[in-house]
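In: Next comes the sequence, and after it the predicted model I'd like to discuss.
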Amino acid sequence: MSRISKVLTVAGSDSGGGAGIQADLKTFQELDVYGMSAITAVTVQNTLGVTNVYPLPPEAAAEQIEAVGSDLGVDALKTGMLFSAEIIEAVAAQIRAFGWTQVVVDPVMVAKGGASLLQPEAVRALREQLLPLAFIVTPNLPEAEVLSGLSIRTMEDRREAAKRICAYGSRQIVIKGGHDTENGDRVVDLYYDGSTFTELVGRRIPTPHTHGTGCTFSAALTAGLAKGLPALDAVRTARAFIQAAIEHGLELGHGHGPTNHFAYRRLQGVSR
Ligand SMILES: Nc1ncnc2c1ncn2[C@@H]1O[C@H](COP(=O)(O)OP(=O)(O)O)[C@@H](O)[C@H]1O
Ligand SMILES: Cc1ncc(COP(=O)(O)OP(=O)(O)O)c(N)n1
């Protein structure tokens, strides 16, 4: 077998399996990369929402990253739910120490049900400690508003927000459009590589089962980078992966159900 790409997710656990570490590892597996994890927090969560959050000590995140980085090696990593400034600082210190550059920062702040997954006072650490280490940052629209300090209504606002967020140090950005219900039957993600904007337009799939879309998208993007895809190709592949996962949803649970992580591979016609 040819050398397998190794990918690390630094994120929270979702007991319901639709978001967080669980979504990331399922996505990595489906995209043929070797997945590893450093857990930052345990959430008590299902399709109806998050009922509790148990953050781990910052050293626990740091030690898990050290363990996999020093032994297995990491071709690309993503961060998801980091919860506190102290955990962000510990994670950023490890990324700097290992000198990793293929870093996708998904600046997870609030779950779709409204539960806070990042303490408000940690936003500053996210901007100042983590964004300078990011190759690509992937905020949704509410996260882009918090990071940029702008109210985002138009595509021009999105472009300005992208520039302001990249000014904190991330080389590239995707502002995801899932929360924009003003675009009719279209969903538009905005990609900016530091000089050129690309609008990625897809069909908005009418479904309540979108739990974990952001995690799954950023995990697929990280897998693509680890395999050596150019950034825009990795973004396009990640969009195809999440579109398939939403379109062929599993309809599990009694609330906002998870997406279908099997769908992309099955649509490619690859049997297992
Ligand atoms: N209803 C939908 N139909 C098609 N694509 C969607 C839909 N909702 C979200 N997406 C896509 O899923 C990805 C995650 O977007 P978003 O939901 O904005 O992130 P988050 O889960 O972080 O809030 C983006 O690529 C977005 O375009
Ligand atoms: C443990 C954990 N991490 C991240 C999220 C948020 O995931 P996201 O992909 O943004 O999806 P929604 O929760 O917004 O549906 C989470 N819920 N849990």
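Out: Good, I have the coordinates. Ligands and ions are numbered 1, 2, ... in the order given.
In: next structured bit after the longest strand belonging to the chain?
Out: Across the chain, the strand with the greatest residue count (assigned by DSSP state E) is strand 34-46. As assigned by DSSP states H and E, the chain's next helix or strand after strand 34-46 is strand 49-55.
In: What helices and strands are in contact with that following strand?
Out: Where contact means 3 or more Cβ pairs under 8 Å, 6 or more residues apart in numbering; DSSP states H and E, strand 49-55 is packed against strand 34-46. Every C-beta, even on glycine, is put in place using the N, C-alpha and C of the backbone.
In: Tell me if the strand it packs on is near ligand 2.
Out: Yes - using Cβ under 6 Å from any ligand atom as the criterion, contacts between strand 34-46 and ligand 2 involve 43, 45.
In: hey, where'd the helices end up in the stretch 51-200 of the chain?
Out: Under the criterion DSSP state H, counting those that start in this stretch, helices of the stretch 51-200 of the chain are mapped to 58-71, 85-98, 123-125, 141-148, 155-166.
In: Throw those helices into JSON lines and include mean pLDDT and mean neighbour count, thanks.
Out: Listed next are the helices of the stretch 51-200 of the chain as JSON lines, based on pLDDT from 0 to 100; neighbours: other Cβ atoms under 10 Å:
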{"stretch": "helix 58-71", "mean pLDDT": "98", "mean neighbour count": "17"}
{"stretch": "helix 85-98", "mean pLDDT": "98", "mean neighbour count": "20"}
{"stretch": "helix 123-125", "mean pLDDT": "97", "mean neighbour count": "16"}
{"stretch": "helix 141-148", "mean pLDDT": "97", "mean neighbour count": "20"}
{"stretch": "helix 155-166", "mean pLDDT": "98", "mean neighbour count": "18"}
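In: Looking at those, which is nearest to ligand 2?
Out: helix 141-148 (8.8 Å; Cβ to the nearest ligand atom).
In: Three-state assignment for the closest residue to ligand 2 within the stretch 151-272 of the chain, please.
Out: Going by Cβ to the nearest ligand atom, ligand 2 is nearest to Gly214 of the stretch 151-272 of the chain, at 3.3 Å. For Gly214, the assignment made with DSSP: H, G, I helix; E, B strand; the rest coil gives helix.
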